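Engineer: here's my sequence, what's the structure:
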Amino acid sequence: MPAPDYKTALITGASGGVGAAATRSLSEAGFKVTALARRQDRLAALAEETGCEPLVLDLKDTDAVYGALKGLEVDVLVNNAGLGRGYEGFLKSTADEIDEMIELNVSAAIHVTHAVLGGMVERGRGHMVHIGSIAGLYPLGFPVYGATKGGLHLFAQHLRMELKGSGVRQTEICPGRIATEFFDTAFKTEADRTAFMAGFEALKPEDIAAALMYAISTPQHVNVSLIELTPTQQMPGGAILDRSS
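Structural biologist: Numbering: from 1, shown residues only. Next comes the predicted model:
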């Protein structure tokens, strides 16, 4: 059975990093891409480069999300928008940082999915791609961020069961550390950011975009449910032993 003839895509968090790389890859493949983000200047530059349709929107404004996406025909949804906070420790996180992660990483992704999924089901075709994290699969020491990505992981797993027989496919991509500006806001100091990314070659946004293109290009009878990819020098899991007592 041939690969689905997808033509349109919606990418959230498209103004940089993985979102921008995905926009470039899908545009080069002939997709009509709606690139959604908050930063208008970044989107304008991306639109000039790729021909994508920019959509300036704050995903934390739920009413605006449904208003903007109502009736938009989407063959491929890339739920990419997200952020990390509190990497210095849970007790050092502020209440606002906790709320912001939950709101964007979980609630916004669910609402975007809800806004476009009905059209996919009606057409009997479509592909949802959620950009998760290995922090949602393994305990890595980032409690709230890990909880948000774990929530997205289980949302995707449960939703796939509900979509049985609909023709809509679903993929979750769970990367390790990627060299993007994500970590510019994840840490409060440059020293902490530098130390976190030092000593190994991190993934590139284009690596994630390549995984995305593979998943959506497989034949219709194939559903690539979960892709876990990490830098060669990063190994998630394992045991950390406290021998101090």
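
Engineer: mind listing the helices for this structure?
Structural biologist: For the chain, the helices defined by DSSP state H cover 17-28, 40-50, 62-69, 95-102, 109-123, 143-162, 182-186, 190-196, 205-217.

Engineer: so which of those helices is nearest G89?
Structural biologist: Ranking those by their distance to G89 (criterion: Cβ to Cβ) puts helix 143-162 first, at 8.9 Å. All C-beta spots, glycine's among them, are computed from the backbone N, C-alpha and C.

Engineer: list the buried residues of the closest one.
Structural biologist: For helix 143-162, burial by neighbour count (16 or more other Cβ atoms under 10 Å) applies to 143-153, 155-156, 159-160.

Engineer: can you add mean pLDDT and distance to T8 and give the helices of the chain back as a markdown table?
Structural biologist: Formatted as a markdown table, the helices of the chain follow (pLDDT from 0 to 100; distance: least, Cβ to Cβ, whole Å):
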| stretch | mean pLDDT | distance to T8 |
| --- | --- | --- |
| helix 17-28 | 97 | 9 |
| helix 40-50 | 96 | 14 |
| helix 62-69 | 97 | 12 |
| helix 95-102 | 93 | 29 |
| helix 109-123 | 97 | 10 |
| helix 143-162 | 96 | 20 |
| helix 182-186 | 64 | 26 |
| helix 190-196 | 74 | 36 |
| helix 205-217 | 97 | 12 |
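
Engineer: got the contact list for D99?
Structural biologist: For D99, the contact set (Cβ atoms under 8 Å, 6 or more residues apart in numbering) is empty.

Engineer: tell me the angle of the strand of greatest length in the chain relative to helix 205-217?
Structural biologist: As assigned by DSSP state E, the longest strand anywhere in the chain is strand 168-175. On the basis of axes from the mean of the first three to the mean of the last three Cα atoms, to 10 degrees, strand 168-175 is oriented at 160 degrees to helix 205-217.

Engineer: parallel or antiparallel, list what pairs with strand 168-175.
Structural biologist: strand 126-131 (parallel), strand 226-229 (parallel) (DSSP bridges).

Engineer: that strand to helix 109-123, inter-axis angle?
Structural biologist: Inter-element angle recorded for strand 168-175 and helix 109-123: 150 degrees (by the same axes, to 10 degrees).

Engineer: centre of the chain to strand 168-175, how far?
Structural biologist: 9 Å (Cα atoms, centre = their mean, to the nearest Å).

Engineer: now swap in stretch 74-94 and tell me
Structural biologist: 9 Å.

Engineer: end-to-end on that stretch?
Structural biologist: With Cα to Cα, to the nearest Å as the measure, stretch 74-94 spans 36 Å from end to end.

Engineer: now that stretch: average pLDDT?
Structural biologist: Averaged across stretch 74-94, the pLDDT comes to 89.

Engineer: stretch 218-225 too?
Structural biologist: So the average pLDDT for stretch 218-225 ends up being 96.

Engineer: just checking, T218 touches I227?
Structural biologist: No. Counting by Cβ atoms under 8 Å, I227 is not a contact partner of T218; they are 11.4 Å apart.

Engineer: dump the strands paired with strand 168-175 to CSV, plus distance to E206 and mean neighbour count.
Structural biologist: Output for the strands paired with strand 168-175, formatted as CSV (distance: least, Cβ to Cβ, whole Å; neighbours: other Cβ atoms under 10 Å):
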stretch, distance to E206, mean neighbour count
strand 126-131, 14, 25
strand 226-229, 12, 16
